[in-house]
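A.B. asks: need coordinates for the following:
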Amino acid sequence: MAFRLFEGKDHASIYQKYRFTPPVELKNLIIQYLDKKKGQPHVLAVDLGCGTGQNSRLLAPHFKQVVGMDISECQLEEARALPGHPNITYSKGTAEELPFPDGSVDLLTAASAAHWFDRLRFLAEANRVLKPRGCIALLGFTDANTRFYYHGCGERLNHIYDEVKQTLLPYTSGPVAVSEGKLEELYSAIPFPDKERIESFKAKSSISVRNLVGFIETWSMFQVYNSKEPQSAQDLLFNTQKRFLEVMGVTSPDTEIELEMEYFCILASKPHP
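C.D. replies: Here you go, the predicted model:
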């Protein structure tokens, strides 16, 4: 992974607190795909760029063992601090050099992380470590189609959110733009003939205004902005929360709004020799 934007302790703490867990329904589609292509039992899942472990924990009930990998020790410390999943281990490492024997992994997955990988090196490693008929599942969300709903003022909230994204656009790295393009080039480069895309998987949830602002704080482009112009960055968070509350006609940042996000997923299965 050539980019190192999530390694600081403060960022890891924010990430653990505010980053979304992928939709359960999308995880179910991934497990169904694995059932169909490889069949039971499912022994080992490797969650790459696992961050603070949201996706790893989602997978844990379906595998004998889950290994979450990330380049940030601070992120992994946050993940390890959460109890309740004895079959998950977290280790420091990259998607381009996987510490697993040939043909040993049932599922290789990444949630909102694959856009940071060196595409060809990652795919070579995936081909090496996956079992025959083992699967790749790379998921993420496209923020371009995020929508808010709250008592008829959703469009005004969408407009504020879009303004935040415009402010942060100069601080956005190339890989984030790749993710917004639903990993098109990575999908094309997957050498397995058996592959498919879930282009648009919409998921609704509720989120408080406070947590939405926290989510913005987890973005890599916000972190770059914060490192260059800390006062302006903090003002952006403060004013965004203030504007949301004013439009909604409420005073508590714990007021919840409905959020619709658009996810995508790339699925592929390694051929049997």
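A.B. asks: quick one: the strands in the stretch 1-150 of the chain?
C.D. replies: Along the stretch 1-150 of the chain, counting by DSSP state E, counting those that start in this stretch, strands occupy 44-48, 65-70, 88-92, 105-111, 130-149.
A.B. asks: now stretch 143-161 - C-alpha only, PDB.
C.D. replies: What follows is stretch 143-161 as a C-alpha-only set of coordinates in PDB (Å, rounded to 0.1, in the frame of the first residue of the first chain):
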ATOM      1  CA  ASP A 143     -20.400   9.000  -1.700                       C
ATOM      2  CA  ALA A 144     -21.700  10.700  -4.800                       C
ATOM      3  CA  ASN A 145     -25.200   9.200  -4.200                       C
ATOM      4  CA  THR A 146     -25.400   9.600  -0.500                       C
ATOM      5  CA  ARG A 147     -28.800  11.000   0.500                       C
ATOM      6  CA  PHE A 148     -30.400  12.300   3.700                       C
ATOM      7  CA  TYR A 149     -34.000  12.300   4.700                       C
ATOM      8  CA  TYR A 150     -35.500  14.400   7.500                       C
ATOM      9  CA  HIS A 151     -39.100  15.900   7.600                       C
ATOM     10  CA  GLY A 152     -39.000  17.300   4.100                       C
ATOM     11  CA  CYS A 153     -35.600  19.100   4.300                       C
ATOM     12  CA  GLY A 154     -33.400  16.300   2.900                       C
ATOM     13  CA  GLU A 155     -32.500  18.200  -0.200                       C
ATOM     14  CA  ARG A 156     -31.100  21.100   1.800                       C
ATOM     15  CA  LEU A 157     -29.100  18.600   3.900                       C
ATOM     16  CA  ASN A 158     -27.800  17.000   0.700                       C
ATOM     17  CA  HIS A 159     -26.700  20.400  -0.500                       C
ATOM     18  CA  ILE A 160     -24.700  21.200   2.700                       C
ATOM     19  CA  TYR A 161     -23.100  17.700   2.500                       C
END
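A.B. asks: tell me how far Glu258 lies from Asp143.
C.D. replies: Per Cβ to Cβ, to the nearest Å, Glu258 is found 16 Å from Asp143. Glycine gets a C-beta too; all of them are placed from N, C-alpha and C.
A.B. asks: okay, the strands of the stretch 1-150 of the chain in JSON lines with distance to Phe122 and mean pLDDT next?
C.D. replies: Output for the strands of the stretch 1-150 of the chain, formatted as JSON lines (distance: least, Cβ to Cβ, whole Å; pLDDT from 0 to 100):
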{"stretch": "strand 44-48", "distance to Phe122": "8", "mean pLDDT": "98"}
{"stretch": "strand 65-70", "distance to Phe122": "12", "mean pLDDT": "97"}
{"stretch": "strand 88-92", "distance to Phe122": "17", "mean pLDDT": "97"}
{"stretch": "strand 105-111", "distance to Phe122": "9", "mean pLDDT": "97"}
{"stretch": "strand 130-149", "distance to Phe122": "9", "mean pLDDT": "94"}
